[in-house]
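Undergrad: Can you look at this prediction? I've put the sequence above it.
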Amino acid sequence: MTQEAATSSAPKKNKKVSVSDLALLKSEGKEKISVLTAYDYSTALICDRAGVDVLLVGDSAGMVVLGHPSTVPVNMQEMLMFCGAVSRGAKRAMIIGDMPFGSYQPSTSMAIENAVQFIKGGCDAVKLEGGAEIADKVKAIVDAGVPVMGHIGLKPQTSSLWEGYRLQGRTAESAQRLVQDAQALEKAGVFSIVLEMVASEVAEVITRKVSVPTIGIGSGPECDGQVLVLHDLLGIYEDIKPKFVKRYAELAKPILDAVSSYTRDVKAGKFPDEQNTFHMNPEELEKFQGKGKKK
Ligand code: KIV
């Protein structure tokens, strides 16, 4: 083992990533935390193999998988189905279930009950959108034994209803409110906080002021980790390319080409060919054909 490997705080290859692994990554400051969304078994298998630390079963599933115009319509039942699939695929990555709109707002007891459903469904933690205004619910869920990730800045569940998707923390006053939200969540017991579309200067200050890891999306390089929507980084939707996304592949075109070739081959009778065809045992075939003749 090299000296570097012996002293690295990186979560171990075959051990499930835990809340304390993430805390150590922040406190040592040597390595950032990689987070990605996942919604199904097959991509969870691949992401886990690639060494992603955390898989977030985001309510973005409502948009990228179910085709809704926002995250608002996705419900508990759908989220639990996605979480179950991801948990069967990922053995090392921590799995976080995103609590959908309406699953924690009505009451604290409902928030606890639904958070527990995520844990029973295979998740290791849950995520809720909101700052100081939901701190009491966050504390109650944590007190019930469920690790919670916070989410401030742009909150897609409510931003889609009120102000649209805009950069957060543009004024000194709103920047200060974001810092206070992060501190209220830290006090309530979150183990990490997502900062979505927060001006990078504000994200940097929050990252310095709170003891728990910050995970940025569109919030600059100073956060303790980064999260992206898997479909964005893979280039599945050709026409959607927010500034904060880096595309690591352009998969829409190869998928389109493959499916078009398949369709052409089927229509032209070129698929299946001999390589893809199964045959009877020759003796049985002869008997079968003989019987066919007798009839
Ligand atoms: O639902 C989601 O995918 C998210 C991330 C973008 C943070 O909340």
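TA: Nice, I can see it. Not measured: the values here are computed from a predicted model. Numbers count the residues shown, from 1 in each chain.
Undergrad: wait, is D265 part of a helix?
TA: Yes. Counting by DSSP: H, G, I helix; E, B strand; the rest coil, D265 is located in a helix.
Undergrad: Could you measure from it over to I134?
TA: The gap separating D265 from I134 is 53 Å, by CB to CB, to the nearest Å. (Each C-beta comes from the backbone N, C-alpha and C, glycine too.)
Undergrad: between the two, which one's more packed in?
TA: I134 (24 against 13; other CB atoms under 10 Å).
Undergrad: list the contacts for I217?
TA: Neighbour list for I217: 194-197, 226-228, 244 [criterion: CB atoms under 8 Å, 6 or more residues apart in numbering].
Undergrad: if you set the cut-off to 10 Å instead, what comes out?
TA: 35, 37, 56, 58, 151, 153-154, 194-198, 223, 226-229, 232, 242, 244-245 (CB atoms under 10 Å, 6 or more residues apart in numbering).
Undergrad: before we move on, what about S261?
TA: So S261 contacts 270-271 (CB under 10 Å, 6+ apart).
Undergrad: pLDDT wise, what is it at?
TA: According to the per-residue confidence, S261 scores 98 in pLDDT.
Undergrad: in what helix or strand does it lie?
TA: helix 252-267 (DSSP states H and E).
Undergrad: Now do the same for the helix or strand just after that helix: mean pLDDT, whole number.
TA: Using DSSP H and E, the helix or strand that follows helix 252-267 in sequence is helix 282-294. Mean per-residue pLDDT for helix 282-294: 84.
Undergrad: mind checking how far L66 is from G269?
TA: 36 Å.
Undergrad: For those two, indicate the residue with more neighbours.
TA: Between L66 and G269, counting by other CB under 10 Å, L66 is the more crowded of the two (13 against 8).
Undergrad: Flag every residue of the chain that's near the ligand.
TA: Counting by CB under 6 Å from any ligand atom, the residues of the chain close to the ligand are 37, 56, 58-60, 98, 194, 196, 217, 227, 229.
Undergrad: quick one, what contacts the nearest residue to G216 once chain neighbours are set aside?
TA: Leaving aside its sequence neighbours, G216 sits nearest to C223 (CB to CB, 6 or more residues apart in numbering; 3.3 Å). C223 is in contact with 32-33, 193-195, 198, 200, 203-204, 206-207, 213-217, counting by CB under 10 Å, 6+ apart.
Undergrad: What about the residues you listed, which are in strands?
TA: 33, 193-195, 214-217 (DSSP state E).
Undergrad: Cross-check the contact I'm expecting between A115 and K139.
TA: No. Under the criterion of CB atoms under 10 Å, A115 is not in contact with K139, lying 12.0 Å apart.
Undergrad: Mind listing the shared neighbours of those two?
TA: V148.
Undergrad: and those two? which has more neighbours close in?
TA: A115 (28 against 18).
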